[in-house]
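Sequence and computational prediction follow.
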Amino acid sequence: MLCGATSRTITQILLRRSSEQPEEIAYRFLSDDGVKCEEITYRELHQSARRVGAWIQSRGLSGRPIPLIFYPGLDFIKAFYGCVCAGSIAVPLSLPSLPEGAGRILTALADVSPSVVLVSDGVKERLHRAVTKASEPLAFDLVSFATVGEPESNWREPDIGPDDLALLQYTSGSTSAPKGVEISHGNLMRNVGLLAAASGVNSQSVGVSWLPSFHDMGLIGGILMPLYAGFPVTLMSPASFIRRPIRWFEAISRFRATISGGPNFGYEHCLRELAAQDLGSIDLSSWRTAYTGAEPIRTETIAGFCATFGRVGFRKEALFPCYGLAEATLMVSGQQWSDGSERRFARSALERGCALEASPGDDCTTLISSGSVLEGHRVLIVDPVTTSACEAGSVGEIWVHGPSVGRGYWNRPSESGGVFRARLPDVDQEFLRTGDLGFLWHDQLFVVGREKDLLIMRGANFYPQDIERALEAAIPTLRAGFGAAFAIEEAREERLVIAYEPDKSSKRSPEAEFEAIVAVLAREFGLQAAAIVLVKRNRIPKTTSGKIRRQQCRLDFLSGRLATIAEWRNPANRRETAPSTDGEELQSSDAFSAEEIGALVKAQIGELLGLKPDTISDSHSIFELGIDSLLAAQLQNRIERSLRIRLDMVSVLDAGTIGEIVLSLVDQANNKTRQQSDDLIGDIFERVSRLSDDEVVRLLSLEEDGAVRG
């Protein structure tokens, strides 16, 4: 039995690790260059958590929610455990990389109503600007984490138990109605324990994770489960993985990781970007558990990944397909790959809502099982309309009961009742309604779709109502209430389609409407559309009560029945091959001109978006062109390699137009010698605290012989 299984709260686990494995590494964080590695032991982590906990307790915040908005790194880890050690409620939130995306954070903060928000040093100024710009100012103190801390002796172990809240998990993507799932210590302990048992980890395991710390899979699977089982995990920023996915493989190979994973998007991203690359010394043979969940698991992605990276040691048997959601803490079902993980079902039967194994020669659909339901949990398949149990083998809504299911949504008793406390007439248990569709087959759960209109893009949730509302607010020439955002499958992933009726008074060209929609999607959500269609008046499908029928709109679009006025297709999606990941370096020069860098930037954007560089104007903004969060990371990587500089992409995106971005890059590129010097000096001072007086003198004397100046 894992020793974490005898603990009742996260605080008790941390105390136990600190006393039993004090000098062992708990967490590592890899820098974006993949070389520098910051580490923290269990003892150091516990000491830090107690200092942070004492600070929280001294301000009377025990039992109160404390939002955490951090750049990726160990500071988030220290702040999170500081919150639980204080007996407060941690609220991990994302910080959008795009400058106009702070609205999603502000709505979540308004829902929490905190008195204090803990942030990374670099976050405070950005968030302060967003708060002051808000139409309804929020009242809380923004506190830089560097200023947080009290003597350990002031810390008092909180009087908390399994029923006390440990964190709020905010469902990602919603700007208008953020919902914080209430997760107790008992929920966490039960779920991470079952996850650890199902994935076969122990104190000898080694983890790697690039998943966001505010995401349930990243936080619970990538951070909390390793603490529970007592093994080290190496973390890296999601942007680092997206920009150069080989860094994931390098970390697995370097640390001989045994467990790592992510949504289907992560495996697909590696397949697209690395399939043709020479992987050199990469060795994935240590990887024993490769979990995949958070979005539909695609057979084509799995087959391609196994075939391509089998040459560097990856084994199909390592795959661990799973299913879960934030409302159930993390995992509901999952197990290691077996002969029964991949099944062929008759397509016609599935379309009728019935699972029937295909016979040879049948038109079939291949589905991947999400494994067995966790011990102590129960899954029912229920007709979402009649709320009656489905017959065996029928497709219906997945309902979940068990100790991992959260208590409800923060401050939303009415909505919590409908979602978390659903009942069937003859069953004396309350169930969580997931909104996902699936069926049980030989004790395996198969997930086939969603009953709701929720969109899942690259593992993140987006509500179509939010996208539609943002478009209508920003573009008055769209007819309010007569548009639909929905997803289609294209190139083995879900991609966004927007369909809208133009307002009858609009005199704008379709091209102008398309450009405006592309800009809003990139600026507000960090998304690209695969297609945008303008539809004839009163032809967007609606119910008799006036609600948008998004799924019918999707079917009409795919079948060509949508009454289209004009259509735009994303040129980047028409490339036959993925763009190369590396940009060409400019020839070494004492000073780069705006013309040289401008040509480079336009060439790189053109290749990423499938545009001719001469069609990109200096007056275009990065958002008007449709650079989404993934392409922004790829663009950053290309520019850094081409100009051989370190680039702060947030400041570049803040610059606005392409012309302004170019001027910003000219300044950075032509001052890179000074930047490199500053970087070296910063490294020196970071090391000074660990050196003796004599070593400090010798190190600082390097400046005299030109080592620093050079």
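Good, I have the coordinates. Not measured: the values here are computed from a predicted model. Residues are numbered from 1 along each chain as shown.

and Leu14, what helix or strand is that in?
When secondary structure is defined by DSSP states H and E, Leu14 falls within helix 10-20.

What are the contacting residues of that helix?
3-4, 7, 26, 42-43, 45-47, 49, 81, 84-85, 157-158, 160, 166, 185, 188-189, 224, 227-228, 230 (CB atoms under 8 Å, 6 or more residues apart in numbering). Backbone N, C-alpha and C define where each C-beta goes, glycine included.

Indicate each strand paired with the very next helix or strand once past that helix and its parallel or antiparallel sense.
Note on helix 10-20: by DSSP H and E, the next helix or strand toward the C-terminus is strand 25-30. The pairing partners recorded for strand 25-30 under DSSP bridges are strand 37-41 (antiparallel), strand 233-235 (parallel).

Pick the most buried one from those.
strand 233-235 (a mean of 25; mean count of other CB atoms under 10 Å).

neighbouring contacts of the helix or strand following it?
Next in sequence after strand 233-235, counting helices and strands by DSSP H and E, comes helix 238-243. Under the contact criterion CB under 8 Å, 6+ apart, helix 238-243 has outside partners 30, 32, 34, 72, 97, 210-212, 247-248, 266, 269, 629-630, 633-634, 636-637.

at 6 Å instead, please
Contacts to helix 238-243, defined as CB atoms under 6 Å, 6 or more residues apart in numbering, come from residues 32, 210, 212, 247-248, 630, 633, 637.

do stretch 366-373 as well
Outside stretch 366-373, the residues that reach it (CB under 6 Å, 6+ apart) are 297, 299, 321-323, 333-335, 341-344, 379, 443-447.

So for this protein, the centremost residue is which one?
Nearest to the geometric centre of the chain sits Pro212, at 5.0 Å (CA atoms, centre = their mean).

Quick one: closest of the strands paired with strand 25-30 to Leu432.
strand 233-235 (28.3 Å; CB to CB).

pLDDT on the closest one, on average?
Across strand 233-235, the average pLDDT comes to 98.

for it, the distance to its chain's centre please.
Distance of strand 233-235 from the chain centroid (CA atoms, centre = their mean, to the nearest Å) equals 16 Å.

ok, back up a step: now the contacts of stretch 366-373: which count as buried?
Applying 16 or more other CB atoms under 10 Å to the contacts of stretch 366-373, the neighbour count classes 297, 321-323, 333-335, 341-343, 379, 444-447 as buried.

what's the lowest-pLDDT member of the residues you listed?
Ile297 (82).

give me phi/psi at that one?
Per-residue torsions, Ile297: phi -90, psi 120 (degrees, to the nearest 10).

try Ala290
phi -110, psi 90.

how far away is it from Ala257?
10 Å (CB to CB, to the nearest Å).

and the two most separated of the buried ones among the contacts of stretch 366-373?
Glu342 and Val379 (20.2 Å).

returning to that earlier point: show me the contacts of helix 238-243 that map onto strands.
If you go by DSSP state E, those have nothing in strands.

got a list of what the closest residue to Phe314 other than its chain neighbours touches?
Distances taken as CB to CB, 6 or more residues apart in numbering put Leu284 closest to Phe314, at 4.4 Å, once the chain neighbours are dropped. For Leu284, the contacting residues are 252, 312-314, by CB under 6 Å, 6+ apart.

Show me which of the residues you listed are buried.
Of these, these count as buried by 16+ other CB under 10 Å: 252, 312-314.

from those residues, which is closest to Ala599?
Val312 (36.8 Å).

Verify the stated contact: the closest one with Ile282.
Yes. Using CB atoms under 6 Å, Val312 makes contact with Ile282 at a distance of 4.7 Å.

quick one: secondary structure of Thr434?
strand (DSSP: H, G, I helix; E, B strand; the rest coil).

need the contact list for it.
Thr434 neighbours (CB under 6 Å, 6+ apart): 325, 398.

switch the cut-off to 10 Å
Neighbouring residues of Thr434 by CB atoms under 10 Å, 6 or more residues apart in numbering: 323-325, 327-328, 332, 379, 397-400, 419, 447, 450-452.

Most widely separated two among the contacts of helix 238-243?
Longest span within the contacts of helix 238-243, CB to CB: Pro212 and Asn637, 18.5 Å.

Downstream of the helix or strand encompassing Arg254, the next helix or strand is which one?
In this structure, Arg254 sits in helix 246-255 according to DSSP H and E. Using DSSP H and E, the next helix or strand after helix 246-255 towards the C-terminus is strand 259-262.

Can you say which helix or strand has Phe345 in it?
Applying DSSP H and E, one finds Phe345 within strand 342-346.

How about residues contacting that strand?
297, 299, 302-303, 316, 319, 321, 352, 354-360, 362-369, 393, 439, 441-442, 444, 446, 448.

Please convert the buried members of the residues you listed into PyMOL selection syntax.
Filtering the contacts of strand 342-346 down to the buried ones (16+ other CB under 10 Å) takes a single PyMOL command:
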select buried, resi 297+302+319+321+354+355+356+358+364+365+367+368+369+393+439+441+444+446+448
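
Out of the contacts of strand 342-346, list just those in helices.
299, 302-303 (DSSP state H).

By pLDDT, give me the weakest of the contacts of helix 238-243.
Leu630 (69).

just to revisit the earlier point, next, format the contacts of helix 238-243 as TSV and append distance to Glu494.
As requested, those are arranged in TSV below (distance: CB to CB, whole Å):
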residue	distance to Glu494
Asp32	28
Trp210	20
Pro212	18
Arg247	25
Trp248	21
Leu630	13
Ala633	19
Asn637	24
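
Between the residues you listed, which sits nearest Ser58?
The nearest one, if we look at the contacts of helix 238-243 relative to Ser58 and count by CB to CB, is Pro212, at 30.2 Å.

So in that sheet, which strands flank the lengthiest strand in the chain, and in what orientation?
Longest strand of the chain, by residue count under DSSP E: strand 478-490. If you go by DSSP bridges, strand 478-490 pairs up with strand 493-502 (antiparallel).

Next, the distance between the ends of stretch 367-374.
20 Å (CA to CA, to the nearest Å).

chain center to it, what's the gap?
22 Å.

Just the mean pLDDT for that stretch, thanks.
The model assigns stretch 367-374 a mean pLDDT of 95.

Which of the three states applies to Gly149?
Going by three-state DSSP: Gly149 is coil.

who touches it in this structure?
48, 50-55, 78, 82.

how near is it to Arg247?
For Gly149, the distance to Arg247 - CB to CB - is 32 Å.

quick one: Asp426 from Ser18, how far?
Applying CB to CB to Asp426 and Ser18 gives a distance of 49 Å.

and the two? which has more neighbours close in?
Neighbours were counted for Asp426 and for Ser18 using other CB atoms under 10 Å; Ser18 has more, 19 against 7.

which non-adjacent residue is nearest that one?
Using CB to CB, 6+ apart, the closest residue to Ser18 is His46 (3.6 Å).

I'd like to know which of the contacts of helix 10-20 are buried.
Members of the contacts of helix 10-20 classed as buried by 16+ other CB under 10 Å are 4, 7, 26, 42-43, 45-47, 49, 81, 84-85, 158, 160, 166, 185, 188-189, 224, 227-228, 230.

Take those and keep only those in strands.
Using DSSP E, those in strands are 26, 166.

one step back: looking at the contacts of Gly149, which is nearest Gly200?
Lys78 (29.1 Å).

That closest one contacts Ser48, doesn't it?
Yes. Lys78 is in contact with Ser48 according to CB atoms under 10 Å; the separation is 4.4 Å.

Touching both of those two, which residues are there?
With CB under 10 Å, 6+ apart as the test, Lys78 and Ser48 both reach 40, 149.

domain assignment for the protein?
Domain assignment for the chain by automatic domain parsing gives 339-450, 463-569, 594-670, 674-705.
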